[in-house]
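*Asks:* structure for this input, please:
(one chain, ligands or ions: 3)
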Amino acid sequence: MCGIVGIVGKSNVNQALYDALTVLQHRGQDAAGIVTCEHGRLFLRKDNGLVRDVFHQRHMQRLVGNMGIGHVRYPTAGSSSSAEAQPFYVNSPYGITLAHNGNLTNVERLSREIYESDLRHVNTTSDSEVLLNVFAHELAVRNKLQPTEEDVFAAVSQVHRRCVGGYASVAMVTGYGIVGFRDPHGIRPIVFGQRHTDQGVEYMIASESVALDVLGFTLIRDLAPGEAVYITEDGQLFTRQCAENPQYAPCIFEHVYLARPDSLMDGVSVYKARLRMGEKLAEKIQRERPEHDIDVVIPIPDTSRTSAVELANQLGVKFREGFVKNRYIGRTFIMPGQAARKKSVRQKLNAIDLEFRGKNVLLVDDSIVRGTTCKQIIQMAREAGAKKVYFCSAAPAVRYPNVYGIDMPSAHELIAHGRTTEEVAELIGADWLLYQDLEDLKEAVGGGKVKIDAFDCAVFDGQYVTGDVNEQYLDRIEQARNDAAKSTVERVSAIIDLHNN
Ligand SMILES: O=P(O)(O)OC[C@H]1O[C@H](OP(=O)(O)OP(=O)(O)O)[C@H](O)[C@@H]1O
Ligand SMILES: NC(=O)CC[C@H](N)C(=O)O
Ligand SMILES: [Mg+2]
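*Replies:* Ligands and ions are numbered 1, 2, ... in the order given. Here you go, the predicted structure:
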């Protein structure tokens with residue numbers, strides 16, 4: 001779940017891209033990049049780090065041009081090296097740059113095809129560079145000096161035929177325009193919008209609607225699964241369904257954890273979905289423990305707050321902020337290694353002892369993935385003097401890897417994999433543990449005003465919507481991307497810039 005943005009404006013777009021990336025920072029903290037285009041030339045700055053650390057004034061001054069794209073990265077393939085920061089660039093045809101959120105599941109086959117049939121060279125292990133090369137090849141075979149929207153949409157259609165997995169992407173065709181496209185299952189989110197200026201209408205494509213809001217753009221809509229939007233450099237907008245058999249299956253985990261609550265995603269308010277998750281949890285507690293002895297409900301900041309407030313309301317139990325979050329520490333779950341993740345939970349959250357002393361507390365989190373957060377938090381609650389510590393998760397047990405753009409490649413690193421709820425409760429040290437039911441989560445997200453009846457819920461039910469994910473594939477990514485394997489890749493790839501391991 002990286003963050004992507006593209007803007008076709010009427011004046012320099014560098015500042016707007018930067019601002020949008022800061023709003024999307026929660027989607028990726030490892031690397032950031034912006035490329036702009038002026039008079040047929042590209043200006044690119046990308047590196048490892050947070051947006052505020054990657055772009056200094058001297059970079060911003062050089063990023064000139066009225067159109068550009070940007071990216072914040074949370075790696076799910078290859079390494080975290082700055083060589084794999086995005087946007088990626090290929091010089092032919094036209095000079096194309098691309099930023100990608102998601103993960104391709106047939107990247108090995110595509111890499112072979114690109115080399116053997118398309119005669120293209122890819123130098124990194126990033127699936128996004130592969131995606132870019134497939135798109136570039138499909139545009140190149142149209143054989144046009146000046147590509148039209150028809151050519152761009154035809155290339156996207158071919159991308160859909162060849163690529164499998166999750167991909168929401170923006171690509172800039174130098175001197176011509178910006179195209180946004182979404183995979184035929186709509187797994188990863190992407191929206192577009194517009195704003196009126198004295199010089200004319202400006203367009204923006206982004207991962208989440210919150211980026212549009214903050215920059216004064218109004219949301220036009222989400223891209224449908226398989227659909228593409230193309231905005232020419234002079235501001236004409238075209239949309240086209242480019243997939244043969246699109247099927248809505250957006251990733252439900254966006255609503256659980258990934259997205260900001262103030263985003264509207266596929267017409268659903270993430271905030272409202274999280275409120276409904278709290279409501280459903282309360283109903284489950286009332287069903288299973290009508291005689292509960294909970295004195296206080298305490299959220300684990302940040303993401304679980306919304307569900308926890310509603311849960312407390314419905315139960316009629318006091319809601320208290322028992323943990324204070326250090327606002328200068330980022331999200332723990334999307335940090336690259338387990339050592340960093342473990343250390344930052346303690347640095348990030350501190351307990352207000354008075355809220356725990358002598359009480360039966362119900363701690364609420366949005367999800368339990370590796371169990372890094374809840375184990376430490378439960379211990380902190382006990383040290384703060386809690387009598388009993390109950391724990392509930394607004395999402396069901398995460399038991400299966402994600403292969404579509406969330407870095408959970410290894411089933412064995414998931415605390416609930418192959419374990420019952422009672423076993424997990426014991427491991428994390430909770431007196432009682434309650435998970436949301438999957439049907440309730442689906443209802444919470446898809447049962448509001450806008451009805452969505454299918455989701456990608458693979459991390460909860462092991463059903464992979466693209467139909468190509470089998471045991472061998474899962475074994476391969478587990479070997480390549482478990483925490484131990486990743487740390488070796490990181491050490492090696494940090495040494496050289498253009499790397500090819
Ligand atoms: O079981 P785990 O592997 O620890 O993962 C789950 C935790 O990680 C996330 O929090 P994070 O700190 O990333 O971000 P937040 O501040 O948005 O809650 C999520 O909200 C859970 O608290
Ligand atoms: N989280 C993502 O969307 C990652 C995009 C891409 N697969 C990468 O690793 O850079
Ligand atoms: Mg959290």
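*Asks:* make it CA atoms for all contacts and neighbour counts henceforth
*Replies:* Fine.
*Asks:* neighbours around Leu427, how many?
*Replies:* 13 (other C-alpha atoms under 10 Å).
*Asks:* er, Arg120 actually
*Replies:* 19.
*Asks:* same thing with Asn103?
*Replies:* Applying other C-alpha under 10 Å, I find that Asn103 has 27 neighbouring residues.
*Asks:* go through the helix or strand where Leu131 lies and flag the buried ones.
*Replies:* In this assignment (DSSP states H and E), Leu131 forms part of helix 127-140. In terms of neighbour count (16 or more other C-alpha atoms under 10 Å), helix 127-140 has its buried residues at 127-140.
*Asks:* out of the residues you listed, what pair is the most spread apart?
*Replies:* Asp127 and Ala140 (19.8 Å; C-alpha to C-alpha).
*Asks:* and the buried residues of helix 127-140, which is closest to Asn470?
*Replies:* Distances from Asn470 to the buried residues of helix 127-140, taken by C-alpha to C-alpha, are shortest for Asp127, at 18.8 Å.
*Asks:* pretty sure the closest one is touching Gly78, no?
*Replies:* Yes. Taking C-alpha atoms under 8 Å as the definition, Asp127 is a contact partner of Gly78 at 7.5 Å.
*Asks:* residues of the stretch 101-250 of the chain that sit close to ligand 2?
*Replies:* For the stretch 101-250 of the chain, the residues in contact with ligand 2 (C-alpha under 6 Å from any ligand atom) are 101-103, 126-128.
*Asks:* err, the stretch 401-501 of the chain, not the other one
*Replies:* So far as C-alpha under 6 Å from any ligand atom goes, the stretch 401-501 of the chain lies against ligand 2 at 405-406.
*Asks:* pLDDT added to the residues of the stretch 101-250 of the chain next to ligand 2, as a markdown table?
*Replies:* As requested, those are arranged in a markdown table below (pLDDT from 0 to 100):
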| residue | pLDDT |
| --- | --- |
| Asn101 | 98 |
| Gly102 | 97 |
| Asn103 | 96 |
| Ser126 | 93 |
| Asp127 | 95 |
| Ser128 | 97 |
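*Asks:* run through the stretch 401-501 of the chain and note the low-pLDDT ranges.
*Replies:* Scanning the stretch 401-501 of the chain for pLDDT under 70 picks out the ranges 488-501.
*Asks:* point me to the residue of it nearest ligand 2.
*Replies:* In the stretch 401-501 of the chain, the residue that lies nearest ligand 2 is Gly405 (4.4 Å; C-alpha to the nearest ligand atom).
*Asks:* residues near that residue, how many?
*Replies:* Residues near Gly405, counting by other C-alpha under 10 Å: 26.
*Asks:* Three-state assignment for it, please.
*Replies:* Under DSSP: H, G, I helix; E, B strand; the rest coil, Gly405 falls in the coil class.
*Asks:* mind checking pLDDT for the residue of the stretch 151-300 of the chain found nearest ligand 2?
*Replies:* At 7.7 Å from ligand 2, Tyr167 is the closest residue in the stretch 151-300 of the chain, using C-alpha to the nearest ligand atom. Confidence at Tyr167, expressed as pLDDT, is 98.
*Asks:* tell me which strands the helix or strand containing it pairs with, and in which orientation.
*Replies:* Per DSSP H and E: Tyr167 is located in strand 165-173. Within its sheet, strand 165-173 is paired with strand 96-104 (antiparallel), strand 177-182 (antiparallel), according to DSSP bridges.
*Asks:* identify the residues contacting it?
*Replies:* 4-6, 68-69, 94-106, 178-183, 185-190, 205, 207, 403-405, 466 (C-alpha atoms under 8 Å, 6 or more residues apart in numbering).
*Asks:* now do that strand against helix 127-140, angle only.
*Replies:* 60 degrees (axes from the mean of the first three to the mean of the last three C-alpha atoms, to 10 degrees).
*Asks:* name the nearest residue to the residue of the stretch 151-300 of the chain closest to ligand 2, ignoring sequence neighbours.
*Replies:* Gly102 (4.6 Å; C-alpha to C-alpha, 6 or more residues apart in numbering).
*Asks:* burial check on the one you found, number of neighbours?
*Replies:* Neighbours of Gly102 using other C-alpha under 10 Å come to 29.
*Asks:* which residue ranges make up each domain of this structure?
*Replies:* According to the TED database, the chain comprises the domains 3-248, 274-326+346-454.
*Asks:* is the first one positioned near ligand 1?
*Replies:* So the one you mean is domain 3-248. No. Domain 3-248 does not reach ligand 1 (C-alpha under 6 Å from any ligand atom); its nearest approach is 7.6 Å.
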